[in-house]
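Chemist: only the shape, not the letters, is given here:
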């Protein structure tokens with residue numbers, strides 16, 4: 001049975017109800033365990049935006065997705081272990097354990113609001129979609145985004161000379 005409210009979803013994922021209520025009431029994000037129900041695939045903001053565009057254009061059911069401006073990244077919830085079979089992809093990091101900070105559902109891109117830590121939902125827990133994005137679909141979208149961005153970067157190098165480019169290491 002899938003929880004029906006964002007609070008129930010956070011609690012089902014392993015957060016304590018009192019922590020969720022206190023954090024969200026004060027505009028902060030609550031720490032939710034990673035690893036049991038999902039892993040986190042963290043990509044640079046540029047790669048994340050391009051991958052999201054590709055996933056949406058294909059009609060892929062998106063799981064939860066966070067904008068993390070302090071790291072200049074996008075975090076996708078993906079099925080546990082899905083990235084173990086991925087090829088090494090520049091600008092990506094897969095996290096299988098630890099905690100992630102979930103902002104209140106009102107801290108989202110459409111509302112233009114952020115949690116105190118700066119995080120906000122791109123695809124939040126108020127949507128009726130799945131918890132995670134399909135791992136194979138996500139891998140293909142990230143790889144295609146990287147290929148496209150590499151082509152753009154190479155074109156810029158040819159016309160303007162070497163520069164920083166759209167790809168960088170994710171912390």
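Modeler: Now that the structure is in, tell me what you want to look at. Just so you know, these numbers come straight off a predicted model, no measurement behind them. Numbering: from 1, shown residues only.

Chemist: what bridges to the spatially most central residue of the chain?
Modeler: Residue closest to the average C-alpha location in the chain (C-alpha atoms, centre = their mean): residue 75, at 1.9 Å. Here residue 75 sits in beta bridges with residue 42, residue 66, going by DSSP bridges.

Chemist: who's in contact with it?
Modeler: For residue 75, the contact set (C-beta atoms under 8 Å, 6 or more residues apart in numbering) comprises 40-42, 65-66, 68, 100. Bear in mind the C-beta positions are built from the backbone N, C-alpha and C, glycine included.

Chemist: repeat that with 7 Å
Modeler: If you count contacts by C-beta atoms under 7 Å, 6 or more residues apart in numbering, residue 75 has them with 40, 42, 65-66, 68, 100.

Chemist: among those, which one has the most neighbours?
Modeler: Using other C-beta atoms under 10 Å as the neighbour test, these are led by residue 66, with 27 neighbours.

Chemist: residue 118 is in contact with that one, correct?
Modeler: No: counting by C-beta atoms under 7 Å, residue 66 stays clear of residue 118, with 10.4 Å between them.

Chemist: for residue 19, see how far away the residue nearest to residue 62 when sequence neighbours are not counted is.
Modeler: Leaving aside its sequence neighbours, residue 62 sits nearest to residue 123 (C-beta to C-beta, 6 or more residues apart in numbering; 4.7 Å). Using C-beta to C-beta, to the nearest Å, we find residue 123 at a distance of 23 Å from residue 19.

Chemist: cheers, nothing more for now.
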